[in-house]
Structures are given as structure tokens and as C-alpha cells.
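**Q** A predicted structure for the sequence below; I have some questions about it.
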Amino acid sequence: MDTPAFNDADELSGKLRLALEQAEAEARLREAETPDRLNEDWRFGRPHIYAKALVSALESDTDNAGRITIQAPAACVEPMADDMRDGEMRLRSIGSDKILALHLKRFGKGICLCIDTVLADPIIITYETEGVFTPSTIILAAEGAAARIIERHIVRGSGLLVATRDIKAMAGADISLELEVSGESTSGSDQPRAMNITNIAAMDAQVRQLTRYSGLDWAREETVAEILHENTTIELFSANRLHGTQILDQHTRQIHSWGKSTSNLLYKNVVDGSATATFAGNIYVAPGAHETDAYQANRNMLLSEDATINSLPGLEILADKVRCSHGSASAPMDEEQLFYLLSRGIPRHDAQMLVADGFLADAVTQFRGSESDGNNTKI
Amino acid sequence: MDSPATPSIGSTSPADAAAAQADLTPFTLDTRGEFSFPENHKYDAGYGLTEQTIDYICDAKGEPDWVRRFRKDALKKFREMPMPTHWAPESIRGVDFDKIRYYLAHGTPPRQSWDEVPDDVKRTFERLGVPEQERAFLAGVDAQYDSETAYNNMQEELRKKGVIFVNSTEGLRDYEHIFRPWFGKVIPVGDNKFSALNHAAFSGGSFIYVPKGVKLAQPLQAYFRINSESMGQFERTLIIADEGAELMYMEGCTAPKYDSATLHSGVVELVALKGAKIQYVTVQNWATNVYNLVIQRGLAMEDAEIRWIDCNLGSGLTMKYPAVVLQGRRARGEVVSISLAHSGQDQDTGARMIHAAPETTSNIIAKSISIGEGRASYRGEVKVLKGMKGCRNNTECDALLINATSRTDTYPAITVNGNASAVQHEASVSQVDEEQLFYMQQRGLTRAQAMSLAVNGFINDLVQEFPMEYSVELRRLIDLEMEDSIG
């Protein structure tokens, strides 16, 4: 008698569904095109310069050269396995499927963390490169797990670091991620560049993220955070200082697929020189995700005549009993605050630095505050 | 629906026309949209837009050669330009340019009597308190007005002050020296596909010139312009307020406007010269089978002020983002917008403010209400150009969701160059508070009454910006909408 491949009809349909999902994801990435000016998610992003350069660098370079160091309990770290490719395939970008597809082609380097307890010490991951490096970070937090993760990216010379991040947090988990991306130029012609695509999926869990970019010629961030069960809190923070001709292009999605949850976002930038900061965020509340609380704020401080801010906060609400708001404000530095410092004998430049730092510290403080609140209840 | 009037368009058979209409409209039609009357036009350019159509329009209107060339160039641009499908609402894909008639004029008055107008339409008019004369006019029953003398007197008064108030054809023919220099300057042909379309096929609309220092106490209304084409499918309005002049212009009506045309693509250009003030009030209430794609933009010179007061109640899809280009020092722009989206409606409205001079200020206040499966969106752009100092913008968007299936979106885009300007944007989404409703209901109001009271409260401060007769009608209309959706 023939044994059926699957004994259980549910299992069969489950596997079929997975296969179908995988085929769809594959097709999506296969068909993706290099972002162009008609790609709304690259509006203000100058895709004809930056997306094009990124795509051609990822296509021509095959080395995937970079160093990884990690400081974490050995039990948490899993070697990168080929079957993890599946997860990466399902990652969602914000207008950069082509880049995801190229990243997937180079899959194999990175860190996979499986956290199932409460960790007191932070996990520190460092990615460094001078060439073209495309690591992946996978963070799986089991029920009740708690951890702080610090991810440092260092891009030297005209290197390019494109990282993806897949965070899944189960019931009762509490995950903090601090992402520091810095560029180190040795000569004036160096153009360190970086891009990060992060997906967060949280079910009855708490996840918070703080991103900080510095010293990069160009950086793009795409963060997709999805709430998949009630009683979830996702918080996203960012604080950056840009100067010279630096460009920072940040895109976020807060997706509420389930009601009775909260998401909060605060992105702050101080822009000097002829630098440009772009923020495009979106809160999506799915039909049926009632009793959602979602907030989004983008605050910018402009320090010079040639500095540019683009701010595109967005809301898409398809549910009822929702409390949602977004705000965006862009203004010069408060002259009164400056005057106060000047009158105390602090030189103008230093005074400006102090006010700017104070402005940015707000986002970092909120992140730390929420971090310690979360961990206190855990530990 | 028990409509006694068979839907019919022009010379085509009613069945064909109904089929064409059904193909064109992906909207969930509400019964009001199916209501139209058989028409008979002296001029009908037929379906689709070609060079021949343009020749036909030019011949019919007796236009000079430069207008003909202008239209044909625009047609070329229209064909080359892509649809804005990468950012616009999905339903814009339903527009089929080959199934549209581009010029209709001088129809013989439809011979319909008031008794044949569907009951629900009559009820709407009665509840809105639209005067009987206008009721008949709006229902397409009778195009005759008894009040022509009154309007004639008004025309005479305006003429004495040097005000020119004509339709677009007369404007370009009789006052070329005034209107041609500004025609298509605020909204150029190649601005977008629909701007090119309007430049190629425009007819109807008003051309207004208010001389230096003339301040008009009475608002100008599209109705007042007698013996001319009514608001057309491709209306073209150009208003020039010379230095220090002031005027208010009103178009539309709160009562539903029935029309067989399914695409309305207007262009409205305002020019406020030094110190001038223009207020432009629109109340749009097309039937829900209409695509309403309107480009409105004003140019404000030094110390000038332009205010758009915009209310969108009807149509299946509206895409309208009134804009002010603040071109002179200390110019001021303002957009006050109310939109109401019912099931089957997509109100994609918003505002644009371009700060192209120092010390310019702008203010945007938008409120939307989504009922049933309606979708209301705010889409806006605020731009402070390089080197402009002391510019200020304030944007507030509030949305109210009535049912669990309603949808609201907000998509602002803000660009600030330089460290001498301040821009702020805030948006919020909320529901009608259950406790408020409970309180009103236990005082004896029905749920629908309580709901409409709450909704009226939500837009109360904006409704006050509208001229009196409009604000009264608006309130009544909201009562009516609430009754239909809740009661």
C-alpha cells in the first residue's frame, strides 16, 4: 500500500502554502527592477544616482568581503544555514526589492541569534568592511526572552555595507536593538555608503529600535515593523547629525495587522552644511485592527542655508476605534537657547553643538528609558 | 431604482450609452448617479480626442489660429505624457480617454417635468432648502431663469468698475491682451497629463479681471455669467486681480449636480498681483459616476493673498490639490478643505504651498469624514525653496471615521531648504466619541441625529469660512448623509 507523503491534511495544506509563499517571494524578487524616478519609495532619494550605483556595485562585486565579530553567549548564536535563505526571501523592502534580490544572491554571511532566556549582558555584533559587504542578521526571540542587542557597522574608505535584519519576537519577549552605522573616510574622496533593511514581526511582545548614522556619504534605512498580535509595543527611534554633503534617506512602515497594540516612532535629525535628510514614514492600520494606538513624529533642526529636509509622514487607516497621529516639524535652532549659552561665554560653535546634542538626546533618552522599563519588568 | 428617466447620451442609443457608462465606471454607483436626461446638442464633437476634434471645437467656438495651434500642441503633449499611476489612487486607471465626449454645447433645453424627477432627488433638494427655481435648474428640468434682470444689473455694475467677467472663449477673443499673457502661465501645458488634456480641450469656465484697487463687495458666482456655457467638462478659469484688488469667486453648489459626462478635468489659474486678495470657493457635489480631476493653482505676488476654500462631497474619484505659489515677498496662501467620502467614493484631496519668496506664510487646514466604505485622503506638498528666509507654514489634517469599514489616508510631503524657515505638520485620526453619542441619545436624539450633530461639530470651525448660504446647505447635507448611513 502506498504511504501518502503527508498523513495530515493540515500539514499538507501548510506545506503547500509555504511552497506557494516561497514561489511568490521568489517571483517578486526575480522581477524586481532597479529603483527609478517613478518609484514613489525613492522620491527625493535620487535613485538615478544612488540606487543605480548600489545595484551596479552589488552586481559587479562577488567577494562579499567583511569581518564579523560577536560578543554573545555561545548558546544563542547559530551558524548561518542555507535554509535561513527562506526567511530572507520573505523580507519586505520599501521600494528596494531589486537590492533585496541581489542581497539574497550573496546570502551566507551574518549572524543568527536564537534567544530563549533573559540575557543580562548586551549582545554586541560588529560588521566591518572596506569593500562590498552584505551581511544578514536574524534575531529570533522565543517566548519570554529578553535581550539588548547592539549592532555596529563600520564602513571604511569607499566601502559599501548593505545589511538585512529579520527580527521575530514571540509572546512576552522584549528585544532592544541599537544600530550604529558609521563611516570612516581616510581621504576626502572616500564615499562610505550603507543601507539597512530591517523587518520586525512582533506578537504580544515588545521591540524597540534605535538607529544612528554618522560619517557616511550616503545611507538609506528601510524599517518595516509589523504587529501580529494584540498587546504588542513597537518603538522606533533615530537620532542623527548630518554635515557636509551627507545624505540620509529613512523609510519606515508601522503595520498594525492586529488591534489593541501600540507603535511609536520618533526620528530626529540635525542637518548642517549642504546635507539632506529625508524621512518617509507610514502607519498602516489593517481592516479589523481596532483599538490601535499609533504615533509618528519627525523633528528636524536645520543649521545652514544649504541644508535640506524632506519629510513625508503618512497614515493609512482602515480600522475603527483608532488613535493615530503624526507630526512633522522643521525649524532652525532656537536663538534664545543659543543666546543663553553665548551669554555664559560658550563660543558659538560649541553652543550650537550643545543645543543640537540636546535636541537629539531626546530620542536616545526615550529609547533608553523604554529599554530600562522593559528590562526592569523582565529581570 | 425607479428612475423614470432613461439614461441616454446624445445621439447614441440609450442602451449603448448605458453600456459605455457601465464600462467606464469602476465605482459602486449610487442611484443618484444614474439619473440623467436625454440631451440634444447643437454641437457634439463625438467620442475620443483627435486633431479633428480640436478643429471641430475651434470652428464651433470661432477661435483664432493661435488658440488652434496651442490646442494641437497640447494634444501632442497629452499623448506623450504618462498617467500619474505611480502615486495616484488606483481608481484613476478606470479613465478611458476614448470613451469621452470632448465638446458639447448649446443643448436644447431638455423637456422634462418636475414630476419625472426621482423622489430621492426631490427629497435632497427640499431638505437642502434649495430655492424652487434653482432646484429645477439643477435637476436639469428647466434651464430658464427668471432672475436674468437681476444678474444683468449686477453685470452692469461690474462693467462700470472695469471688471471683466466673461467665459473663456470670449476672454481669449475679446480681451486677448489681458488674458493671453497669463493664460497657461500658472499651470503650464506640460505640468501633467490632465493639464495637457485641458489645454487641448478646454471650454467653459470664467475669465475674470479686476482692475487696480477695485474691491468687490459681492462674491462673483459662475451662475451670474449669463448667456454662456455652463460649467463644462474641461472648464478653464483664469482670474487676474490687479494690484490691490479684492474678490471672492464661488463655483458649484451643494445640491447634487447631474451630468452625463464621466470625466471632469478643469484648470483654474489665479493671479494675485501686488497686494491683491483672491478667495476662491468651490463646493463640489457631482454624481458618484464622475471622475473629478481638477488642477487649481494660484500665483501670489508681493503682499498678495490667495485663499482656496474647498469642499468635496460628490464624485466617484476626486483628485484636487489647490496650490499657491508664493512668488512675492510676504505673500500669503491658505487652503481650507472639507471632504466627505461615502461608500464608493474616493476623495483624494489636499493642498500645495510653494514658498518661492522670503517671508511668505501659508496655512493648510483639512478635515475629512469617511462614512461606510468611503475613502478620504489628504495629499499635500509644502516646499520652501533655497535661500528663502522667514517662511512659515502650518498644516493641520484631521480625519473622522464613522464606520468600521471607512478608510482615511494622509500623505504629506514637506521639503525645507535652509535654516531660516519653520514648517510644521500635524495630522490626527479619530472617531465620534461613543460617550458623546450616548449623552445625546439619552437626551432624546436619535442615533443619526446625534451622529450628525457630532460630525457638524467636527467641521464647525471650517464651515464658518464658507459663505452663509453654503454653510447652511452644508450642514443640512451632512444631516442627510448621516441619516442615510446610520438611520
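**A** Now that the structure is in, tell me what you want to look at. Residues are numbered from 1 along each chain as shown, chains lettered A, B, ... in the order given.
**Q** and the nearest residue to residue B:385 once chain neighbours are set aside, how many neighbours?
**A** The spatially closest residue to residue B:385, leaving aside those adjacent along the chain, is residue B:356, at 5.3 Å (Cβ to Cβ, 6 or more residues apart in numbering or on different chains). C-beta coordinates here come from the backbone N, C-alpha and C atoms, glycine included. Around residue B:356 there are 18 other residues, counting by other Cβ atoms under 10 Å in any protein chain shown.
**Q** residue A:217 contacts residue A:247, doesn't it?
**A** Yes - counting by Cβ atoms under 8 Å, residue A:247 is a contact partner of residue A:217 at 7.3 Å.
**Q** thinking again about what came up before, tell me who's in contact with the residue nearest to residue B:385.
**A** B:325-327, B:385, B:388 (Cβ atoms under 8 Å, 6 or more residues apart in numbering or on different chains).
**Q** got a markdown table for those residues, with secondary structure and neighbour count too?
**A** Compiled in a markdown table, the contacts of residue B:356 are given as follows (DSSP: H, G, I helix; E, B strand; the rest coil; neighbours: other Cβ atoms under 10 Å in any protein chain shown):
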| residue | secondary structure | neighbour count |
| --- | --- | --- |
| B:325 | strand | 23 |
| B:326 | strand | 33 |
| B:327 | coil | 20 |
| B:385 | coil | 18 |
| B:388 | coil | 22 |
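**Q** make CSV from those residues and add pLDDT to it.
**A** Shown next, in CSV, are these (pLDDT from 0 to 100):
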residue, pLDDT
B:325, 97
B:326, 97
B:327, 96
B:385, 95
B:388, 93
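**Q** sec struct for residue B:218, please.
**A** coil (DSSP: H, G, I helix; E, B strand; the rest coil).
**Q** that one: how many residues sit nearby?
**A** For residue B:218, using other Cβ under 10 Å, the count is 11.
**Q** got it, and the one 3 residues further on?
**A** Residue B:221 is surrounded by 18 other residues when neighbours are defined as other Cβ under 10 Å.
**Q** give me the element the spatially closest residue to it that is not a sequence neighbour is part of.
**A** In this structure, residue B:221 finds its nearest non-sequential neighbour in residue B:250, 4.9 Å apart by Cβ to Cβ, 6+ apart. Assigned by DSSP states H and E, residue B:250 belongs to strand B:246-252.
**Q** cool, and residue A:26?
**A** helix A:9-31.
**Q** can you show me the CA trace of the helix or strand following that helix as CSV?
**A** As assigned by DSSP H and E, the chain's next helix or strand after helix A:9-31 is helix A:50-60. These are the backbone C-alpha positions of helix A:50-60, laid out as CSV (Å, rounded to 0.1, in the frame of the first residue of the first chain):
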residue,chain,number,x,y,z
TYR,A,50,22.3,56.1,-5.6
ALA,A,51,20.1,53.2,-6.4
LYS,A,52,22.0,52.7,-9.7
ALA,A,53,25.4,52.9,-8.0
LEU,A,54,24.3,50.4,-5.3
VAL,A,55,22.9,47.9,-7.8
SER,A,56,25.9,48.0,-10.0
ALA,A,57,28.2,47.6,-7.0
LEU,A,58,26.3,44.6,-5.8
GLU,A,59,26.2,43.1,-9.2
SER,A,60,29.8,43.5,-10.1
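**Q** partner strands of the following helix or strand past helix A:50-60 and their direction?
**A** Sequence order places strand A:67-71 as the next helix or strand after helix A:50-60, per DSSP H and E. Strand A:67-71 pairs in its sheet with strand A:123-129 (antiparallel), by DSSP bridges.
**Q** can you list the strands that the next helix or strand after the partner strand pairs with?
**A** Going down the chain from strand A:123-129, the next helix or strand is strand A:132-133, by DSSP H and E. Take DSSP bridges as the rule and strand A:132-133 pairs in its sheet with strand A:160-169 (parallel).
**Q** contacts only, for the residue nearest to residue B:221.
**A** B:219-222, B:281-283, B:467, B:470.
**Q** generate a PyMOL selection restricted to the buried subset of those.
**A** Of those, the buried ones can be selected in PyMOL as follows, counting by 16 or more other Cβ atoms under 10 Å in any protein chain shown:
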select buried, chain B and resi 220+221+222+281+282+283+470
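**Q** show me the contacts of residue B:250 that map onto helices.
**A** The helices, defined by DSSP state H, take in residue B:470 from the contacts of residue B:250.
**Q** span of stretch A:337-349 from start to end?
**A** Stretch A:337-349 has an end-to-end distance of 13 Å (criterion: Cα to Cα, to the nearest Å).
**Q** wait, I meant stretch B:379-390
**A** Stretch B:379-390: ends 25 Å apart by Cα to Cα.
**Q** off-centre distance for the helix holding residue A:26?
**A** 26 Å (Cα atoms, centre = their mean, to the nearest Å).
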